[in-house]
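Novice: My questions concern the predicted model and sequence given below.
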Number of protein chains: 2
Amino acid sequence: MTSLQLAEPAIAEDCCAPSGRPALEVEEAQRTALVFKALADPNRLRLLSIVKGAGDGEACVCDLTEPLDLSQPTVSHHLKILVDAGLLHREKRGTWAYYSLVPGAIEQAAGLLATL
Amino acid sequence: MTSLQLAEPAIAEDCCAPSGRPALEVEEAQRTALVFKALADPNRLRLLSIVKGAGDGEACVCDLTEPLDLSQPTVSHHLKILVDAGLLHREKRGTWAYYSLVPGAIEQAAGLLATL
């Protein structure tokens, strides 16, 4: 018994000290990744940029297709992803939908990086 | 000729003041989107989290598979994306590769959001 124990290999040589569990848990990582997925597209970044720069704090969907040279269905698809990610607020008024930044949302996305 | 001009429809009724061109140009949006694409995955966020939390500022690839319960090829794939995005630095020493955060890279990614 004793000899068997002695015959067992020593613990495999460590290459370095173990880092332990990740600070970011699975659910939190999944939520955070969703926000970055929304930001991981050049057209969506440009849409956010237009909405952010809109003089009155909101942009009409009718005003978002021309600058990006995209079809309205494509723009609407991207806008929906940004709304679902909590980055844009959508308000329908009459014929058009108007988009504004959710207050603090971009700063919050930046803050997510600090929590890694 | 004059009557034709008069017969032309007036400019279509504007729903709002145009927002103009996006502040973010195409190339900048593409570069920024690449960084967020690297961040848009829960496993990559958790890998960053481990590397950031590593006591000596770096983590061995041999130490990154167990906490995430992923195969080493999968982990290596994710690490390559993080390196390519400029978020992680990779150094091969002997058998193992060691990963550390590129100084300032996460802060820079957060700063990209401020430039939108």
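Specialist: Yep, that arrived. The structure displayed is predicted, hence computed values, not measured ones.
Novice: Settle this for me: residue A:101 is touching residue A:51, isn't it.
Specialist: Yes - between residue A:101 and residue A:51 a contact is recorded at 5.9 Å, counting by CB atoms under 8 Å. Using the backbone N, CA and C atoms, a C-beta is placed for each residue, glycine as well.
Novice: which one of the two has more residues nearby?
Specialist: Legend: neighbour count by other CB atoms under 10 Å in any protein chain shown for residue A:101 and residue A:51, higher for residue A:51 (25 against 19).
Novice: Report the contact partners of the more buried one.
Specialist: By CB atoms under 8 Å, 6 or more residues apart in numbering or on different chains, the contact list for residue A:51 reads A:58-59, A:64, A:88, A:99-101, B:19.
Novice: Among those, which are located in strands?
Specialist: Within these, residues falling in strands by DSSP state E are A:59, A:88, A:99-101.
Novice: Out of the residues you listed, which is nearest to chain B?
Specialist: Proximity of the ones in strands among the contacts of residue A:51 to chain B (CB to the nearest CB) peaks at residue A:59, which lies at 4.9 Å.
Novice: Look at the closest residue to residue A:115 other than its chain neighbours and report its pLDDT.
Specialist: Spatially, and ignoring its direct neighbours in sequence, residue A:115 is nearest to residue A:24 (7.2 Å; CB to CB, 6 or more residues apart in numbering or on different chains). We note a pLDDT of 86 for residue A:24 in this prediction.
Novice: Identify the residues contacting residue A:24.
Specialist: A:32, A:115-116, B:45-46, B:48-49.
Novice: Quick check: which element contains it?
Specialist: Take DSSP states H and E as the rule and residue A:24 turns out to sit in neither a helix nor a strand.
Novice: buried sites along whichever strand or helix holds residue A:28?
Specialist: Assigned by DSSP H and E, residue A:28 falls within helix A:26-39. For helix A:26-39, a neighbour-count test (16 or more other CB atoms under 10 Å in any protein chain shown) marks A:28-29, A:32-33, A:35-39 as buried.
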